[in-house]
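Peer 1: show me how the following folds:
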Amino acid sequence: MLINPFKNAFGLDFGDRSVKLVQLSKRGVGLGKKRYKLNHASGFDLPPGLIVDGEIQRPEEVLRLLRHHLTSRHKGLEKSPWVVTSLPETKTYVQLIKVKVDLEEGEKIDPQDVIDQVPSYLPFDLESVYLDWQPVDCEEVCGKERSVLLAAVPKTIADSYTYLLNMAGLSPLSMEVEATAIARAVINRGKSLKGEARGILDLGAARSSFIIYDHGVVQFSLSLPVSGQKITESISRSLKIDPVEAEKIKRECGLESKKCQGKTKKVLTETLDDLTDKIFQAINFYKLHFPDKNPLTVIRTTGGGANMPALESYLSSKLKIKVRKANPWVNLFPVDKPPMPPEESLRYATSIGLAMRALEDPILL
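Peer 2: Here you go, the predicted structure:
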């Protein structure tokens, strides 16, 4: 998109326990590369019970808090009704599918061809969901099958978020699954990944997911049973301390055996064993069911839970794959000049990816 007509559009990420906003702008071109500016990044906490597992339970309260945040004075934030927002990972379906076609060179896929073949992949009634899809470029010669990235969300979920945004005076330009937004932020566009797949482990406060990215797109994503909140509760219960103290020592000690006398490492090891088992299952599923897969060589961690001390070394040892913290600014700013501290940046990965789409291509045609 050469000119974005939706001035000051921003990314808005809804979680069960918080809402985050990021707005970007372009600063022209320098040394042959686009230059960006972070206009604004902020968020606010949600009390328990307002959004549960991605479903808006108490829209009036969420709306009140959102309106208050948007009407407050925020340094650098340019007012705009235009927004790109996320849909909850637990309520969406995303997968790369194969569509049989008979196309001449240069012809586009007929949308009806996709719709006709969707029921064999989709675990929902077509009448109850909104569908979106995006063709994936052929890496070599295109045959009689084309790869299409399919996304689906129940209409009741998408409509509830649309209604909320409209009541707040906002117009959603697009809604996308969290996995796509996260991958946009943390996968380095400037690095060739030919022959390699990437894993992304997003550890949020209330829900987490594991994403596999290969051939330039998200292949699939899996919701996980572990979250920052559950880890804190496990520490609180096992060490018989209140949740505030448990959260504090989780951030300070994590999986470091030399800190907190190793007490948190023992508790966390028991909790994270389930996490590593689910990641193993996801990787094996990918190996078995995706014929064109590449080997998964690196896993990037993001979300607030990724800040836990020694998490990467623990996961690397258990999974036998290199695990490293993600850099959500990798496509926007030099590595040595991030616009906010790395620990804070990890919490904003989804909203950064949404803001990138809001700035670059808010409506995919």
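
Peer 1: CA atoms only: put stretch 147-157 into CSV for me.
Peer 2: Extracted C-alpha coordinates of stretch 147-157, given in CSV (Å, rounded to 0.1, in the frame of the first residue of the first chain):
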residue,chain,number,x,y,z
SER,A,147,-1.4,-23.4,-0.4
VAL,A,148,-3.8,-21.1,1.3
LEU,A,149,-3.6,-19.8,4.8
LEU,A,150,-7.1,-20.2,6.3
ALA,A,151,-8.5,-18.4,9.3
ALA,A,152,-11.9,-18.7,10.9
VAL,A,153,-13.6,-17.3,13.9
PRO,A,154,-17.1,-17.8,15.3
LYS,A,155,-19.4,-15.0,14.4
THR,A,156,-20.5,-14.5,18.0
ILE,A,157,-16.9,-13.8,19.0
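
Peer 1: run the chain-centre distance for that stretch.
Peer 2: Relative to its parent chain, stretch 147-157 has a centroid offset of 15 Å by CA atoms, centre = their mean, to the nearest Å.

Peer 1: again, but for stretch 338-348
Peer 2: The answer for stretch 338-348 is 15 Å, by CA atoms, centre = their mean.

Peer 1: residues in contact with that stretch?
Peer 2: Applying CB atoms under 8 Å, 6 or more residues apart in numbering, the contact partners of stretch 338-348 are 13, 20, 22, 38, 41, 43, 301-304, 306-307, 325-329, 333, 352. Where you see a C-beta, it was placed from the backbone N, CA and C, and this is true even at glycine.

Peer 1: measure it end to end?
Peer 2: 13 Å (CA to CA, to the nearest Å).

Peer 1: mind listing what's buried in it?
Peer 2: 338-340, 345-348 (16 or more other CB atoms under 10 Å).

Peer 1: what do you get for stretch 112-123?
Peer 2: 113-114, 117-118, 122.

Peer 1: any chance of the buried residues of stretch 338-348 in CSV, with pLDDT too?
Peer 2: Compiled in CSV, those are given as follows (pLDDT from 0 to 100):
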residue, pLDDT
Pro338, 92
Pro339, 95
Met340, 94
Ser345, 96
Leu346, 96
Arg347, 95
Tyr348, 97
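
Peer 1: nearest to Ala282, of these?
Peer 2: Using CB to CB, Leu346 comes nearest to Ala282 of the buried residues of stretch 338-348, at 20.8 Å.

Peer 1: which of the three states applies to that closest one?
Peer 2: Three-state call for Leu346 (DSSP: H, G, I helix; E, B strand; the rest coil): helix.

Peer 1: show me where the stretch 51-200 of the chain has strands.
Peer 2: With DSSP state E, counting those that start in this stretch as the criterion, the stretch 51-200 of the chain has strands at 51-52, 55-56, 82-87, 93-100, 129-135, 145-154, 171-177, 197-203.

Peer 1: these: lowest mean pLDDT?
Peer 2: Here these differ in mean pLDDT, and the lowest is strand 93-100 at a mean of 81.

Peer 1: ok, and what's touching that one?
Peer 2: 109, 113-114, 117-118, 121-124, 129, 136, 144-153, 177, 179-180, 215, 217-221, 290.

Peer 1: in it, what's buried?
Peer 2: 93-97, 99.

Peer 1: next one: stretch 10-17
Peer 2: Neighbour-count burial for stretch 10-17 [16+ other CB under 10 Å]: 10-17.

Peer 1: tabulate those (a markdown table), appending distance to Ala185, secondary structure and pLDDT.
Peer 2: What follows is the buried residues of stretch 10-17, written out as a markdown table (distance: CB to CB, whole Å; DSSP: H, G, I helix; E, B strand; the rest coil; pLDDT from 0 to 100):
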| residue | distance to Ala185 | secondary structure | pLDDT |
| --- | --- | --- | --- |
| Phe10 | 14 | strand | 97 |
| Gly11 | 10 | strand | 97 |
| Leu12 | 14 | strand | 98 |
| Asp13 | 11 | strand | 97 |
| Phe14 | 16 | strand | 96 |
| Gly15 | 15 | coil | 93 |
| Asp16 | 20 | coil | 93 |
| Arg17 | 20 | coil | 93 |
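
Peer 1: Ile51: which of the residues you listed is nearest?
Peer 2: Asp16 (4.9 Å).

Peer 1: the closest one against Ala206, yeah?
Peer 2: Yes: if you go by CB atoms under 8 Å, Asp16 and Ala206 touch, sitting 3.5 Å apart.

Peer 1: anything in contact with each of those two?
Peer 2: With CB under 8 Å, 6+ apart, Asp16 and Ala206 have common neighbours Asp53.

Peer 1: downstream of the longest helix seen in the chain, the next helix or strand is which one?
Peer 2: In the chain, taking DSSP state H as the definition, the longest helix is helix 263-289. Once helix 263-289 ends, the next helix or strand along the chain (criterion: DSSP states H and E) is strand 296-302.

Peer 1: could you check the angle that next one makes with helix 263-289?
Peer 2: 130 degrees (axes from the mean of the first three to the mean of the last three CA atoms, to 10 degrees).

Peer 1: hang on, the earlier thing: in JSON lines: the buried residues of stretch 112-123, plus pLDDT and distance to Arg67.
Peer 2: Output for the buried residues of stretch 112-123, formatted as JSON lines (pLDDT from 0 to 100; distance: CB to CB, whole Å):
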{"residue": "Asp113", "pLDDT": "81", "distance to Arg67": "43"}
{"residue": "Val114", "pLDDT": "84", "distance to Arg67": "38"}
{"residue": "Gln117", "pLDDT": "81", "distance to Arg67": "43"}
{"residue": "Val118", "pLDDT": "82", "distance to Arg67": "37"}
{"residue": "Leu122", "pLDDT": "77", "distance to Arg67": "36"}
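
Peer 1: let me know the closest of these to Phe210.
Peer 2: Checking the buried residues of stretch 112-123 one by one against Phe210 (CB to CB), the nearest turns out to be Leu122, at 21.0 Å.

Peer 1: understood, closing this out.
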